[in-house]
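K.L.:
mind folding the following:
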Amino acid sequence: MSEPEYDKERPEGEEEKEEKQEKHEEKDWDEKWHRDPSNALVWALILVWAGVVLLLGNLGFFRPFAFLDAWSLIFFGAGLILLLEAGVRVLLPAYRRGVTGRVILAFVFLGIGLAGMIGWHLVWPLVLIGLGVIIILGTLIWWRR
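P.N.:
Down below sits the predicted model:
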């Protein structure tokens, strides 16, 4: 009968390798975080936007505008913030990385926000067309590389 795996001793140096690898992975993530803090900044901006909109809604600022509700504005603003981030990532080489997922999420948020303002029947076909165009463009750009 063989011994269970956890009872066997590891060859010398293997534990040190694992420790170094864990430290290296930790360092990579930490370095990536310091080089690209925009992700945290974007989500913090979305939270601040949501808080401001909810506060203004509770204070009655949206009463004159019957078609506006707080959640529609929150989603619309979050979509704009995500689109802005995608634009910055495309324009600034230091922060460049794939933005297709962000743009898709931005379009979904914009669609949810606009649907609450002008209606689902107009917005969702446009969102679906926009998403399809983005996916086609992303595929064509990837194909050319």
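K.L.:
neighbours of Val123, how many?
P.N.:
Per other Cβ atoms under 10 Å, the neighbour tally for Val123 reads 18. (C-beta placed from N, C-alpha, C; glycine too.)
K.L.:
mind giving me the packing neighbours of the helix or strand hosting it?
P.N.:
Assigned by DSSP states H and E, Val123 belongs to helix 120-144. Packed against helix 120-144 by the contact rule (3 or more Cβ pairs under 8 Å, 6 or more residues apart in numbering; DSSP states H and E) you find helix 100-118.
K.L.:
list of residues touching the helix it packs on?
P.N.:
Applying Cβ atoms under 8 Å, 6 or more residues apart in numbering, the external contacts of helix 100-118 come out as 67-69, 71-80, 82-83, 85-86, 89, 123-124, 126-127, 130-131, 134-135, 138.
K.L.:
could you pull up the mean pLDDT of that helix?
P.N.:
Helix 100-118 carries an average pLDDT of 87.
K.L.:
circling back to that earlier point, and the helix holding Val123, what's buried?
P.N.:
Within helix 120-144, the residues that count as buried by 16 or more other Cβ atoms under 10 Å are Val123, Val127, Gly130, Ile134, Gly138.
K.L.:
residues in contact with the fourth one?
P.N.:
Counting by Cβ under 8 Å, 6+ apart, Ile134 makes contact with Thr100, Val103, Ile104, Phe107.
K.L.:
same thing with the second one?
P.N.:
Taking Cβ under 8 Å, 6+ apart as the criterion, Val127 is in contact with Phe107, Val108, Leu110, Gly111.
K.L.:
please pick the buried ones from those.
P.N.:
Phe107, Val108, Leu110, Gly111.
K.L.:
now for the residues you listed, which pair is the farthest apart?
P.N.:
Greatest spatial distance among these (Cβ to Cβ): Val108 and Leu110, at 7.3 Å.
K.L.:
most neighbours among the contacts of Ile134, which one?
P.N.:
When neighbours are counted by other Cβ under 10 Å, Val103 leads those with 24 neighbours.
K.L.:
any idea how far that one lies from Phe65?
P.N.:
28 Å (Cβ to Cβ, to the nearest Å).
K.L.:
what of Ile74?
P.N.:
15 Å.
K.L.:
also Val127?
P.N.:
Per Cβ to Cβ, Val127 is found 23 Å from Phe65.
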